[in-house]
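>>> Let's see this in three dimensions:
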Amino acid sequence: MTTTDTAADNAASASFAATSSFAETTPPPSATATAAYYGTTERDLGGVAGQAHADRWVWEARYVRYLLIIDVGAALIATLAAFVLRFQGARYANWYLALSVLIPLVWVAILALTRGYERRLLFVGTEEYQRVLRSAGRLTAGSALAAYVTHAGVARGYLLIVLVLTTGGSLLGRFALRRALHRARRRGTCMHRVLALGHADAVARLTRQLHRRHHHGLQLVGACVPEGQLASAAATVPVPVYGALSAAANCAAAAGADTVMVLSCPELDGAMLRRLAWELERDDIDLIVSSSLVDTSGDRVTVRPVDGLPMMHVEHPRLGGGRRLIKSVFDLSLAAVLLLVSAPVFLAVALVVRLDTGGPVFFRQTRVGRGGEPFRMYKFRTMHVDAEQRLDTVRAQNECAGVLFKMRRDPRVTRSGRVLRRWSLDELPQLFNVLLGDMSLVGPRPPLPAEVERYPQDMRRRLMVKPGMTGLWQVSGRSDLSWEDSIRLDLRYVENWSLTVDLVILLRTAIAVRRGAGAY
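Numbering: from 1, shown residues only. Okay, here's the model as predicted:
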């Protein structure tokens, strides 16, 4: 999701590619067209640039095998750590050894039953991590029930260590594997080859959107348009046009596509779409129907039959009640811990700021919080004390469209300020805002009152939740993002918030801070 790669990322990606050099000599029979297109059936997950695209059935199966290794390894390490930490040489029953062997097998079985290895839930999004957390809950409940039924005196400390480390190890391992996959996709490998069906202008918009980010793994290789647009489509669509909508299945085979994406198109009625699904089923080509619902996550959408017709029901975002209470407790608890842990860093940064310019250590500014209520936000000062007065002198050099002011080489930033911004240390005092209830650890970017005054009506929806110290905008490019992109990401967060999303964003924030992309 970030815009630049570091040497460490390249090294890790190369190491991942080196360890994933399995080969398949015979693809599934349904992959014949794709294999012929590629000219070979040996594929490597994360292969170097210039190699043929990884065969979908090969790298996806290999990815699932890596997940099994990660989950079993996490459980084995957890049981070993539980032995060392809980018993520490003390006597224990021999059946603990059998239990330690059984737990990894049970963990993998529960993940499989919870669809933690289902391919359509992997690779992107947070659904995979939610499945792991659900599996952890089931493992906890199952362990408690088994201990009660068998009257086994299982050491609670042992079980607690196993459950926490197993869950955490699986989450971190899966996160690391997905990052390796995304790095491979930035090099053009491990992609799904997509044939788009729709009007020429809709296909052109989709092409531009998919080319902006590669982590989703969708590579548009061709298109089919209505018959009346065939003559003029080449001037609009930046990918090859293979034919009309009625020949979509044959065109998918010709393009070597493993996925067909149907855009909103009145020429494709229900009967045509059903026949297309049957034709694609023979070659095991995935069918995706694009929805006009923007930034709505899958857990809010349910398809329910009404008199034989599939109706899509869309639930409203759940922003209050128990979910808000859980988020508040999580924010307060973690903010208090982070404040205690980072106390030495606070003192060191305060000393550096004071010695650098001699001015105040903290910068206070009015921002707009939930419901449009203003609050005072705290940061370590990174600019000269007269920065606000000098704003008019540099306003013409603004590098950001919209209502934001961003300048990569702002002369008002101090020497220490550049370092603090590079590592996001200037944001640490916002932990006090979290404790005061004005902000959350994760949320939309806290806007200035002048920005809110210029918001169109749609943008005001981001004020329904507390602003955050970090968010999707922070882990997706920070200051390198355009105004429209930052707003779109904030609205996506508001519409689809969950505790799992917050946890993933916090993990990605650590990576974004390490890389420093967009920090200025």
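>>> Assumed Gly243 was part of a helix.
No - per DSSP: H, G, I helix; E, B strand; the rest coil, Gly243 lies outside any helix segment and is strand.
>>> what's the spacing between it and Leu195?
10 Å (CB to CB, to the nearest Å). Any C-beta I mention is one placed from the backbone N, CA and C, and that applies to glycine too.
>>> Which one of the two is surrounded by more residues?
Neighbour count, other CB atoms under 10 Å: between Gly243 and Leu195, Leu195 has more, with 28 against 17.
>>> The helix or strand in which that one is found: partners in the sheet, and parallel or antiparallel?
Element membership for Leu195, per DSSP states H and E: strand 192-197. Here strand 192-197 is paired, per DSSP bridges, with strand 218-225 (parallel), strand 259-262 (parallel).
>>> Any chance of those strands in a markdown table with mean pLDDT, distance to Leu338 and mean neighbour count as columns?
Rendered in a markdown table, the data for the strands paired with strand 192-197 read as follows (pLDDT from 0 to 100; distance: least, CB to CB, whole Å; neighbours: other CB atoms under 10 Å):
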| stretch | mean pLDDT | distance to Leu338 | mean neighbour count |
| --- | --- | --- | --- |
| strand 218-225 | 89 | 37 | 24 |
| strand 259-262 | 90 | 42 | 22 |
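>>> thinking again about what came up before, okay, and the common contacts of Gly243 and Leu195?
Among the neighbours of Gly243, those also in contact with Leu195 (CB atoms under 8 Å, 6 or more residues apart in numbering) are Cys224, Cys251.
>>> Thr357: what's it in contact with?
Arg381, His384, Val385, Thr414, Ser416.
>>> Likewise for Gln430?
Under the criterion of CB under 8 Å, 6+ apart, the contact partners of Gln430 comprise Met377, Tyr378, Lys379, Met439, Met469.
>>> Then the second one would be within a strand, right?
The one in question is Tyr378. Yes - judged by three-state DSSP, Tyr378 forms part of a strand.
>>> just checking, it touches Arg367?
No - taking CB atoms under 8 Å as the contact criterion, Tyr378 and Arg367 are not neighbours in contact, 10.2 Å apart.
>>> what's the neighbour count on the closest residue to Ile285 other than its chain neighbours?
Excluding its sequence neighbours, the residue lying closest to Ile285 (CB to CB, 6 or more residues apart in numbering) is Ala252, at 5.4 Å. Here the number of neighbours of Ala252 (other CB under 10 Å) works out to 30.
>>> Need the pLDDT of Ala252.
According to the model's per-residue confidence, Ala252 sits at a pLDDT of 89.
>>> what about it, which helix or strand?
Counting by DSSP H and E, the element that carries Ala252 is helix 248-255.
>>> Next, format the strands paired with strand 192-197 as TSV and append distance to Ala450.
Shown next, in TSV, are the strands paired with strand 192-197 (distance: least, CB to CB, whole Å):
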stretch	distance to Ala450
strand 218-225	38
strand 259-262	41
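>>> Name the stretch from these that approaches Arg119 most closely.
Between Arg119 and the strands paired with strand 192-197, the shortest gap by CB to CB is with strand 259-262, which sits at 12.1 Å.
>>> Contacts for the helix or strand following that closest one, please.
Per DSSP H and E, the first helix or strand lying C-terminal to strand 259-262 is helix 270-282. Contacts made with helix 270-282 from outside it, assessed by CB under 8 Å, 6+ apart, are listed as Ser30, Leu245, Ser246, Ala248, Ala249, Ala252, Val260, Val262, Leu268, Asp286, Leu287, Val289.
>>> Restrict those residues to the buried ones and give me that as a ChimeraX selection.
Here is the ChimeraX command that selects only those of the contacts of helix 270-282 that count as buried (16 or more other CB atoms under 10 Å):
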select :245,246,248,249,252,260,262,268,286,287
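>>> So which of the contacts of helix 270-282 is the closest to Glu127?
Asp286 (16.8 Å).
>>> Surely that closest one is in contact with Val262?
No - with the criterion set as CB under 8 Å, Asp286 and Val262 do not qualify as a contacting pair; they are 11.2 Å apart.
>>> Three-state assignment for Thr302, please.
Each residue gets one of three states, and Thr302 gets strand by three-state DSSP.
>>> Contacts only, for the closest residue to it other than its chain neighbours.
Beyond its immediate neighbours in the sequence, the residue positioned closest to Thr302 (CB to CB, 6+ apart) is His313, lying 4.7 Å away. Contact partners of His313, counting by CB under 8 Å, 6+ apart, are Val301, Thr302, Val303, Arg304.
>>> for the last one, what are its contacts?
Residues counted as contacts of Arg304 (CB under 8 Å, 6+ apart) are Pro310, Met311, His313.
>>> between these, which is nearest Gly222?
Set against Gly222, the nearest of the contacts of Arg304 by CB to CB is Pro310 (27.9 Å).
>>> Neighbours of Leu355, how many?
Based on other CB under 10 Å, the number of other residues close to Leu355 is 9.
>>> Also Leu347?
10.
>>> Also the one 5 residues further on?
By other CB under 10 Å, the residues close to Val352 number 19.
>>> just Ala450 next, same as before
Neighbouring residues of Ala450 were enumerated by other CB under 10 Å; the total is 11.
>>> what's the model's confidence in the helix or strand it falls within, averaged?
Ala450 belongs to helix 449-453 when elements are defined using DSSP H and E. On average, the pLDDT along helix 449-453 is 87.
>>> So which bits of the helix or strand following that helix are buried?
Next along the chain after helix 449-453, taking DSSP H and E as the criterion, comes strand 468-470. Going by neighbour count (16+ other CB under 10 Å), the buried part of strand 468-470 is Gly468, Met469, Thr470.
>>> Just give the closest residue to the last one, not the sequence neighbours.
It stands for Thr470. For Thr470, ignoring the flanking residues on the chain, the nearest one in space by CB to CB, 6+ apart is Thr509 at 4.4 Å.
>>> quick one: buried residues of the strand or helix carrying the one you found?
When secondary structure is defined by DSSP H and E, Thr509 falls within helix 499-515. Applying a neighbour-count criterion of 16+ other CB under 10 Å, the buried positions in helix 499-515 are 500-505, 507-509, 511-513, 515.
>>> and the angle for the strand holding Leu195 with helix 270-282?
Orientation note: strand 192-197 sits at an angle of 150 degrees relative to helix 270-282 (axes from the mean of the first three to the mean of the last three CA atoms, to 10 degrees).
>>> is it true that Leu339 touches Val434?
No - the criterion here is CB under 8 Å, and Leu339 misses it with Val434 at 9.0 Å.
>>> out of the two, which sits in the more crowded spot?
Taking Leu339 and Val434 together and counting by other CB under 10 Å, Val434 has the greater number of neighbours (23 against 16).
>>> Just the element for that one, please.
Assigned by DSSP H and E, Val434 falls in helix 430-435.
>>> Following element in sequence after that helix, please.
Remark: after helix 430-435, the chain's next helix or strand is strand 440-442, criterion DSSP H and E.
>>> who does that following strand touch, helix- and strand-wise?
With contacts defined as 3 or more CB pairs under 8 Å, 6 or more residues apart in numbering; DSSP states H and E, the secondary structure elements packing on strand 440-442 are helix 322-341, strand 468-470, helix 499-515.
>>> These: which one's closest to Leu425?
Among these, helix 499-515 comes nearest to Leu425, with 9.1 Å by CB to CB.
>>> What angle do helix 322-341 and the closest one make with each other?
Counting by the same axes, to 10 degrees, helix 499-515 lies at 30 degrees to helix 322-341.
>>> who touches stretch 132-146?
Outside stretch 132-146, the residues that touch it by CB under 8 Å, 6+ apart are 106-107, 110-111, 114, 116, 152, 154, 159, 163, 166-167, 170-171, 174, 500.
>>> part of a helix, is Arg492?
Yes - residue state for Arg492 (three-state DSSP) corresponds to a helix.
>>> and the gap between it and Glu451?
As for Arg492, its distance to Glu451 is 19 Å (criterion: CB to CB).
>>> same deal with Arg376?
Counting by CB to CB - Arg376 and Glu451 are separated by 16 Å.
>>> same check, this time on Gly228
According to CB to CB, Gly228 stands 45 Å off from Glu451.
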